[in-house]
Each structure stands twice: as C-alpha cells, then as structure tokens.
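In: give me the fold of what follows.
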Amino acid sequence: MSFRGDSDDDDSCCKRRVAYVYSPEYIQTCDTLSKVPNRASMVHSLIEAYGLLQHMSIVKPHVATIEEMAKFHTDSYLEHLHKISQDGDNDDPQSADYGLGYDCPVVEGIFDYAAGVGGATLTAAQTLLDQKCDVAINWAGGWHHAKKDEASGFCYVNDAVLGILRLREKYERVLYVDVDLHHGDGVEDAFSFTSKVMTVSLHKFSPGFFPGTGDLCDTGLGKGRWYAVNVPLEDGIKDDRYYQVFTSVLQEVRAQFNPEAIVMQLGADTMAGDPMCSFNMTPVGVGKCLQYVLQWQLPTLLLGGGGYNLANTARCWTYLTAEVLGKTLSSEIPDHEFFTEYGPDYSLEISPSCRPDRNDTKHLDQVISTIKGVLIIRRLRGVKV
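Out: All right, here's what the predicted structure looks like:
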C-alpha cells in the first residue's frame, strides 16, 4: 500500500532541486528544546528511514553569529540570552522583561540552541540565494513568535524573520505563508511597516487563544498597510475546506503581490491528534496547500514550527518532504530507532477525528470576500510594491 495525496508525480517534482539542512550536531542541539524533546531526531529519523535523504542535497548548517541574529534581534536581548544561557539562570530579574520564564524557560545552552536554529535557516536561505536548489528545508526552524527584543511562545529566535531578511538581499518581494495553528505574530510584526514582505497567516482565532492577534482587520501599518493578510479560523476545520480557503486567498495574494521568493511555515499543530485539540487536518491537506505554492516555481524556503504530538509531527513533515520530492511513500512505517512511537497502527496516515467543524460556511465565504476586497482596493488605489 502506498500513501500520497492527489498531486501527481510529475516532471516539475522530479526536476526540483531540494536542499535539506542537517548535521548530527544540529539535530542534537534541537532535541534539547524542552517543549518538544527529541522531536528533531524523530523527524529526521523517519525521513531517513523512508530513504528520502538520497534524493536531496544535504547541507550542513552554520551556527548564527550574534551579528547575524542582530539583523533582527536587539543587542540587549541577545546579550541577556547569552549571559543567562551559560549557567541556566532562571532567577535573573531582567529575564521577565525579555519574555523569558514560563513559556520560554531558561535552560543551560539556550543561546546555542537559538544560534543553531537561526543559523540553519540562514544556511537554507543562502543555499537558495546561491541557486544551489529550488527548495530548501529546515524542519527544526519556523519559530515565528519571537519579537526583536523578546522571547515568546516557545520561540527564542525568529529564524523565519532572519531567513526572510537574507532572501531580501536578492529578492525584491518575499511572501511569507504561515499555516501553523497559531498566528505568525512575530513575523507579521517584523514586517508590518514594509511593502517588500507580504505576510499571510491562517490560524485559530478565538478569545484567550495564544497569541490573541491575527484578526481579519489586521492588515499592516504605514507603508505596509494591506501587506498583512490574516485568515482567522475556528476549531475543527478539515482538509478540503482548509484547502479551499487557502487557495482562494493565495490566488489573490499572488496576483496582487507577485512574489519573487517564498518562505512557508508548516507547523504541524493543525494535525488531528495534536494536544492542542483544535484543527482536524491531515498531512494530505497540508500537502495540497504546499503543492499549490510549489507550482509557482519560485525559490522556496520551508520551515517547521509547532507540533506537539511528536509522532504525528514526524509523519506530517516526512509526508511533506516526499511531496516536495514527488515521491510516493509506503503506508507502513519502516523499522527505525523510533519505530515503537508509531503504535498501535504503525501507519503513516493520520485520520481525522470526529470533532465537529465550527467554521460556518457563510462566515468563511465572508472572510474570503473581505480579504479579496481589501486586496482589490489596494490595487485600485494604485498601491505599488
């Protein structure tokens, strides 16, 4: 039995040059993140077990320097993170000012983790700039909540912002697409005043749900007005409806913005079975969204993000890796180091739960028409990039 979505194993997939950012040291560093321990190893091991590494060029990531991270983050934040990281000091009174504490605990070596993730995404972006690949992947990246002077939502460094800034060294217009369960607030904030980066985020939006931003009416500021697109969704959405919303919005975004490069954050906390218990997606639905973007044949940087059912996150990103490569995977999980984590069915598929879809069709149509209306108004007013 084989497992693949509706997309065809076509020539564009076969010709796609894919770079995969990896080193044993990098995976080991990412495994230390307390909210998702050993997740990086689980993801990499499953990709390897399916034999996908041989179809990609493996690129060893560099560790970001303070100067590189300071392209976005403030010197004071980076210096503080470096200072407390050396001894895992959780009692420094300044830490709370920098968002360090409950959601972003201080542990020994956290600065090295941040520099590792930031450097890996910068490595992926540089591989695209050097035209050594068409798609670059860093599944251990995608930490989209971090602000310039503050850790937030498990995110100590905003590697997505660093990657976008690196791509902007060559590409005039960069599109950021975020399909994590949570709003990509840190990335939107970073570029809210510019027309050179358009941010699109599809996410759960309801009272009390983190980070509490990303309403339909949040569209950017100043020169960046109309360059932020937010698609607020309710619990229970499934593949087909999500894909319909995604393509309706992205079709209009592409027509209006005409991006030259793309960064896509593919958090797996939207999957059925995630502890967040919100959306009801499967890798097939997200894979169709990814293929929709890949068909534009633009330089594309793919990042991970959330995903707290570790086995399902590995299933999702392994499936998406196969989608990028145009490969069909067996439904049966291959024997490997983490094989027992995939019981009791040991299958690559994720089945939707019976959770009801709280998204009213009429409301979703209204959301889509509002977004399209805003983008069309922008065009009629002659707003140019």
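
In: could you list everything L329 pairs with in the sheet?
Out: Taking DSSP bridges as the rule, L329 bridges to F3.

In: just use 34 as the starting number from now, easier for me
Out: Right, with 34 as the first residue, what we last looked at is L362.

In: do a quick rundown of the strands in the stretch 284-418 of the chain.
Out: 294-298, 333-336, 362-363 (DSSP state E, counting those that start in this stretch).

In: please identify the deepest-packed of those strands.
Out: strand 333-336 (a mean of 27; mean count of other Cβ atoms under 10 Å). Placement of C-beta: from N, CA and C, glycine included.

In: let's test this: mean pLDDT of that strand, rounded?
Out: In this model, strand 333-336 has an average pLDDT of 98.

In: how many degrees apart are the longest strand anywhere in the chain and strand 294-298 in direction?
Out: For the chain, the longest strand by residue count, based on DSSP state E, is strand 230-237. Computed by axes from the mean of the first three to the mean of the last three Cα atoms, to 10 degrees, the angle separating strand 230-237 from strand 294-298 equals 20 degrees.

In: coming back round to it: in TSV, list the strands of the stretch 284-418 of the chain along with distance to V139.
Out: Output for the strands of the stretch 284-418 of the chain, formatted as TSV (distance: least, Cβ to Cβ, whole Å):
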stretch	distance to V139
strand 294-298	25
strand 333-336	24
strand 362-363	39
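
In: what ranges do the strands span in the stretch 84-233 of the chain?
Out: Remark: strands assigned in the stretch 84-233 of the chain by DSSP E, counting those that start in this stretch are 90-92, 168-171, 207-211, 230-237.

In: tell me the gap between the first one and the middle of its chain.
Out: Right, the one you point to is strand 90-92. Going by Cα atoms, centre = their mean, to the nearest Å, the spacing between the C-alpha centre of strand 90-92 and its chain's C-alpha centre is 20 Å.

In: picking that back up, out of the strands of the stretch 84-233 of the chain, which gets nearest to R258?
Out: For the strands of the stretch 84-233 of the chain, proximity to R258 was assessed by Cβ to Cβ; strand 230-237 is nearest, at 11.6 Å.

In: elements contacting that closest one?
Out: Counting contacts by 3 or more Cβ pairs under 8 Å, 6 or more residues apart in numbering; DSSP states H and E, strand 230-237 is packed against strand 207-211, helix 218-223, strand 261-266, helix 272-290.

In: could you spell out the sheet neighbours of the third one, each with its direction?
Out: Right, strand 261-266. Sheet pairing here is set by DSSP bridges, and for strand 261-266 it gives strand 230-237 (parallel).

In: coming back round to it: with respect to N263, which of the strands of the stretch 284-418 of the chain lies nearest?
Out: Judged by Cβ to Cβ, the one of these that comes nearest to N263 is strand 294-298, at 14.1 Å.

In: what sits up against the closest one?
Out: 161, 175, 177, 193, 196-197, 200, 203-204, 206-213, 217, 220, 323, 326, 329, 331-338 (Cβ atoms under 8 Å, 6 or more residues apart in numbering).

In: show me where pLDDT drops low in the stretch 134-283 of the chain?
Out: Within the stretch 134-283 of the chain, no stretch has pLDDT under 70.

In: give me the buried entries from the contacts of strand 294-298.
Out: Among the contacts of strand 294-298, those classed as buried by 16 or more other Cβ atoms under 10 Å are 161, 175, 177, 193, 196-197, 200, 204, 206-213, 217, 220, 323, 326, 331-338.

In: mind checking pLDDT for the residue nearest to the spatial centre of the chain?
Out: By Cα atoms, centre = their mean, the chain has its centre lying nearest to Q298, at 1.8 Å. Q298 carries a pLDDT value of 98.

In: now it, which residues is it bridged with?
Out: Beta-bridge partners, per DSSP bridges, of Q298: D211, L336.

In: L235 versus that one, what's the distance?
Out: 11 Å (Cβ to Cβ, to the nearest Å).

In: cool, thanks, signing off.
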